[in-house]
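**Q** Need a 3D model of the following:
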Amino acid sequence: MKPCLYILFGLIPLTFGACGGGAGTKSAEAEIKPLPTGNATDGESVFMGTCIKCHGKDATGIEGSGTNLTISEFVKDHTDAELVEYIKTGRPMNDPLNTTGIAMPPYGANPMLADQDLADVVAYLRTVLRIRNLNERPTG
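**A** Model (predicted):
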């Protein structure tokens, strides 16, 4: 009878280990990388190297190309993480939310951009929006 008990108690840890609670398993949450903290100064450099082609050097947009990001409700209303994902995905010209009829290419047509670069661009855009909002405040 003792050998049966040893076998029974020996199998219990194996049974629980197979249920997925072991230290060697990864959950889906563990695979999601947190968004890096953006640096506006680095973001300006990335913006000037990539985004300027459509959005202009002052982010006010180029007619027939990119929208004015300094007054963009889309930028204001979305989180940094959502904006990074948007830049990664882009927006086709036939998307119902596309207001220009011009495609926004994934990664701004620069597939070499890393998540850090995108977070930096978003930080830069937040700075541009903040400066514009300060300049538009009524004085007096």
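
**Q** List the buried residues of stretch 95-112.
**A** Neighbour counts over stretch 95-112 (16 or more other Cβ atoms under 10 Å) mark Met104, Pro106, Tyr107, Gly108 as buried. C-betas here are computed from N, CA, C, even on glycine.

**Q** ok, now stretch 76-83?
**A** Going by neighbour count (16+ other Cβ under 10 Å), the buried part of stretch 76-83 is Asp80, Leu83.

**Q** what does it rub up against?
**A** In this structure, residues lying in contact with stretch 76-83 by Cβ atoms under 8 Å, 6 or more residues apart in numbering are Leu35, Gly38, Val75, Tyr86, Ala119, Val122, Ala123, Leu125, Arg126, Leu129.

**Q** got the contact list for the last one?
**A** When contacts are counted by Cβ under 8 Å, 6+ apart, Leu129 is found next to Leu69, Thr70, Ser72, Val75, Lys76.

**Q** Turn those into JSON lines, including secondary structure and distance to Gly43.
**A** Listed next are those as JSON lines, based on DSSP: H, G, I helix; E, B strand; the rest coil; distance: Cβ to Cβ, whole Å:
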{"residue": "Leu69", "secondary structure": "helix", "distance to Gly43": "12"}
{"residue": "Thr70", "secondary structure": "helix", "distance to Gly43": "14"}
{"residue": "Ser72", "secondary structure": "coil", "distance to Gly43": "15"}
{"residue": "Val75", "secondary structure": "helix", "distance to Gly43": "13"}
{"residue": "Lys76", "secondary structure": "helix", "distance to Gly43": "17"}
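
**Q** Quick check: Asp117 vs Asn135, distance?
**A** 27 Å (Cβ to Cβ, to the nearest Å).

**Q** who's more crowded, these two?
**A** Asp117 (25 against 8; other Cβ atoms under 10 Å).

**Q** how about the nearest residue to the more buried one, chain neighbours excluded?
**A** Leaving aside its chain neighbours, Asp117 sits nearest to Val46 (4.9 Å; criterion: Cβ to Cβ, 6 or more residues apart in numbering).

**Q** what helix or strand does the residue nearest the centre of the chain sit in?
**A** The centroid of the chain falls nearest to Val84 when counting by Cα atoms, centre = their mean (2.2 Å). Following DSSP states H and E, one finds Val84 within helix 80-89.
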